[in-house]
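*Asks:* this is a predicted model, with the sequence first.
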Number of protein chains: 2
Amino acid sequence: MRILVLEDDPMLSDGLTSGLSLHGMSVECVSTCSDAVSIFDAAHYSAAILDLMLPDGSGLDVLSHIRARDNTMPVMILTAIDAVADRIAGLDRGADDYMGKPFDLGELAARLRVMIRRAAGRANPIFTWRDLTIALSHRSVTRAGIVLSLSRREFAVLEALIERPGRVLSRSQLEARLYGWNEEIGSNALEVHVHNLRAKIGRDAIETVRGLGYRIREDRA
Amino acid sequence: MRILVLEDDPMLSDGLTSGLSLHGMSVECVSTCSDAVSIFDAAHYSAAILDLMLPDGSGLDVLSHIRARDNTMPVMILTAIDAVADRIAGLDRGADDYMGKPFDLGELAARLRVMIRRAAGRANPIFTWRDLTIALSHRSVTRAGIVLSLSRREFAVLEALIERPGRVLSRSQLEARLYGWNEEIGSNALEVHVHNLRAKIGRDAIETVRGLGYRIREDRA
DNA sequence: GACGACCTATGCGCATCCTCGTTCTCGAAG
DNA sequence: CTTCGAGAACGAGGATGCGCATAGGTCGTC
């Protein structure tokens, strides 16, 4: 099990390295967000531990970077013991777990193992788009940290579109997916759903390609 | 065939440029990893040749960057003749082939062609012309990195022309393709579309062959 | 019965597209 | 080189219909 640690406090990172090694994990440390980003792009790890307060940014940005690349690596964030807002923000951006400092090394190791085991068995892609995160398995969508409640049809539309970002889905394709094959639809129901969906997830997330259909706008931010 | 070369030795990059040009490839050179990364994000190439030892990093990092973006572009890495470890690392990170320095230009060109041909069979067709990229599957067209919005007819014209670059399509051929068989057209609608299309993708992309029709100008840049 | 999810219906705005008239360009003939 | 005609480019106007927004109606659930 290869763990990457993003932590700028040398005392803490040394402790993590030696402590987790005792639990059979091999640990590598970086101390800046930019190092973390480049090493994540380059290599593969079983899990990552991210501190939030770094000299050149927040670990949350690294997390967003990871998830933006469809990397579902388990991520644990370290927060101050009482920083609830940070924890929520972390989970919303796709973190799998958090621990408050100071923490017990044994518990940290155990939680890492749980995360890694769970990750191995899951094919639960968490899509992200701008400030939107969509967890298909939980049928949950959050925007900028707050949970949205989508109706069944709305979620189905979003799910269909987000499976292939940038790909145009025609109205008939979407209807065939929402309704059974010969569960005919006689009106602009789909457009209404798209309309309501846009009101919830943001006007410009879904792009209409006139005469062809809809697609999720690719995020070139 | 548009090739991007990442090489910081000017002697070598000059040689590659002139040598590969003789084999009908158009070559662009960058000498730093950061330049390479930004140009890969902006434009599309048929293949890339990456040196490993660069002033600001390793070509392997560039390779990882490319693959992290789901870009399946064929990549060849250049290594010292006896750097076996580098080759393995390169292939592990998703390179398609490698060559040891010094190399034979003819062989390099041949291997590039093989890579490109192989890649053409697996990828969705993305045509490029100068700073234009056309992804038929996504129905998206970008010019110098920014997305253009083409209307249905405009895209259809462009699609028809770009299927066979350099080939002249007569007006009646294009009309037959845009409109159904007996969906007659009574005027110069096609010319208007060509006109509007030119305004978007660049005046000289589409060449008119007087009395015969239109064609995509072949890129001999 | 209140509520939410869903489908249906309808009017409007606007992008798209065709048409038309004019101007421009090319190329061959004089 | 000049002239001239056909083909091509351009700009503008107007019709069409797609997609949007909104409201009303039905069904199922609590």
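*Replies:* Arrived safely, thanks for sending.

*Asks:* how is chain A carved up into domains?
*Replies:* Chain A breaks down into these domains under automatic domain parsing: A:2-123, A:128-216.

*Asks:* buried deepest among those domains, which one?
*Replies:* domain A:2-123 (a mean of 18; mean count of other C-beta atoms under 10 Å in any protein chain shown). Placement of C-beta: from N, CA and C, glycine included.

*Asks:* any chance of the domains of chain A in a markdown table, plus mean pLDDT and distance to chain B?
*Replies:* A markdown table is the format used below for the domains of chain A (pLDDT from 0 to 100; distance: least, C-beta to the nearest C-beta, whole Å):
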| stretch | mean pLDDT | distance to chain B |
| --- | --- | --- |
| domain A:2-123 | 78 | 4 |
| domain A:128-216 | 82 | 5 |
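
*Asks:* as TSV, those domains with distance to B:Ser21 would be great.
*Replies:* As requested, the domains of chain A are exported to TSV (distance: least, C-beta to C-beta, whole Å):
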stretch	distance to B:Ser21
domain A:2-123	32
domain A:128-216	33
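
*Asks:* list just the one of those that sits closest to B:Glu207.
*Replies:* domain A:128-216 (27.8 Å; C-beta to C-beta).

*Asks:* ok, now which ones touch A:Gly211?
*Replies:* B:Arg152 (C-beta atoms under 8 Å, 6 or more residues apart in numbering or on different chains).

*Asks:* cool, and A:Met73?
*Replies:* Neighbours of A:Met73 in contact, by C-beta under 8 Å, 6+ apart: A:40, A:44-48, A:66, A:119.

*Asks:* cutoff 10 Å now
*Replies:* Contact analysis of A:Met73 by C-beta atoms under 10 Å, 6 or more residues apart in numbering or on different chains lists A:4, A:40, A:44-48, A:63, A:66-67, A:94, A:96, A:115-116, A:119.

*Asks:* which residue is nearest the middle of chain A?
*Replies:* A:Gly94 (3.3 Å; C-alpha atoms, centre = their mean).

*Asks:* surely it is within a strand?
*Replies:* No: judged by DSSP: H, G, I helix; E, B strand; the rest coil, A:Gly94 forms no part of a strand; its state is coil.

*Asks:* which one of the domains of chain A lies closest to DNA strand D?
*Replies:* Of all these, domain A:128-216 sits nearest to DNA strand D, with 3.8 Å by C-beta to the nearest atom of the strand.

*Asks:* close to DNA strand C, is that closest one?
*Replies:* Yes: using C-beta under 7 Å from any atom of the strand, domain A:128-216 comes into contact with DNA strand C via A:149, A:151-154, A:178-179, A:185-189, A:192-193, A:210-211.

*Asks:* anything in that domain near DNA strand D?
*Replies:* Yes: Domain A:128-216 is in contact with DNA strand D by C-beta under 7 Å from any atom of the strand, via A:171, A:188, A:191-192, A:194-195, A:198, A:208, A:210-213.

*Asks:* and these, which of them are in helices?
*Replies:* A:171, A:191-192, A:194-195, A:198 (DSSP state H).

*Asks:* so which of these comes closest to A:Met53?
*Replies:* A:Met53 has its nearest neighbour among these in A:Arg198, at 36.1 Å by C-beta to C-beta.

*Asks:* my guess is the closest one contacts A:Asp204, does it?
*Replies:* Yes: between A:Arg198 and A:Asp204 there is a contact at 8.3 Å, judged by C-beta atoms under 10 Å.

*Asks:* nearest to DNA strand C: which residue in chain A?
*Replies:* Closest point on chain A to DNA strand C, by C-beta to the nearest atom of the strand, is A:Ser151, at 2.7 Å.

*Asks:* what's near enough to touch the residue nearest to A:Arg217 when sequence neighbours are not counted?
*Replies:* Leaving aside its sequence neighbours, A:Arg217 sits nearest to A:Glu207 (C-beta to C-beta, 6 or more residues apart in numbering or on different chains; 4.5 Å). Listed by C-beta under 10 Å, 6+ apart, the contact set of A:Glu207 reads A:161, A:166, A:168, A:213-218, B:147, B:149.

*Asks:* which of those residues sit farthest apart?
*Replies:* A:Leu161 and B:Ser149 (18.2 Å).

*Asks:* on that earlier part again, thinking the residue of chain A closest to DNA strand C is in contact with A:His193, fair?
*Replies:* Yes: in this structure, A:Ser151 is within contact of A:His193 by C-beta under 10 Å, at 8.0 Å.

*Asks:* any residues in contact with both of those two?
*Replies:* In contact with both A:Ser151 and A:His193: A:Val157, using C-beta under 10 Å, 6+ apart.

*Asks:* what segments of chain A are strands?
*Replies:* A:2-6, A:26-30, A:47-51, A:53-54, A:57-58, A:75-80, A:97-101, A:126-129, A:132-135, A:140-143, A:146-148, A:206-209, A:213-216 (DSSP state E).

*Asks:* surely A:Ala205 touches A:Arg143?
*Replies:* Yes: counting by C-beta under 10 Å, A:Arg143 is a contact partner of A:Ala205 at 9.4 Å.
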